[in-house]
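Asker: the following comprises the amino acid sequence and a computationally predicted model.
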Amino acid sequence: RAPTDSQGRVLCSIPAYVGRASLLLVLAPSARHRDDPQRLCDLSTWRRRGWCRVETYCALLSRARVRILTCLGPDARAHFSGSNLSFCNPPGRGDFACCE
């Protein structure tokens, strides 16, 4: 059954969107959270987020070759990521709370 709310439609579109992509760009600089300056957000917090994990798995399991390019900040060198770490982070065990 197709979702009727806009969030549900967006979430259901992730596999199709990623399946048409050739690149998943992960921008994960170290930064203080906008609403909680005590909290630092970075690649590790990105990897904990459930929907980020879903996007990664969709890229890895896509019929097309979707490369994953990770950049950790303006002075960092972007690098292509392999699949080895992603399979240690299954989507079902991710944090699906809103607005990390």
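Answerer: Thanks, I have the structure now. Keep in mind it's a predicted model, so treat the numbers as computed, not measured.
Asker: any idea of the mean pLDDT in stretch 39-47?
Answerer: This predicted structure assigns stretch 39-47 an average pLDDT of 93.
Asker: now that stretch, how far from the centre of its chain.
Answerer: In terms of C-alpha atoms, centre = their mean, to the nearest Å, the centre of stretch 39-47 is found 11 Å from the chain centre.
Asker: mind listing the helices for this protein?
Answerer: When assigned using DSSP state H, the helices of the chain occupy the ranges 6-19, 43-48, 50-61.
Asker: count of neighbours near residue 73?
Answerer: The number of residues packed near residue 73 is 14, by other C-beta atoms under 10 Å. For the C-beta atoms, the positions are set from N, CA and C on the backbone; glycine is no exception.
Asker: number of nearby residues for the residue nearest to it when sequence neighbours are not counted?
Answerer: Using C-beta to C-beta, 6 or more residues apart in numbering and skipping the chain neighbours, the partner closest in space to residue 73 is residue 29 (3.7 Å). Residue 29 is flanked by 14 other residues according to other C-beta under 10 Å.
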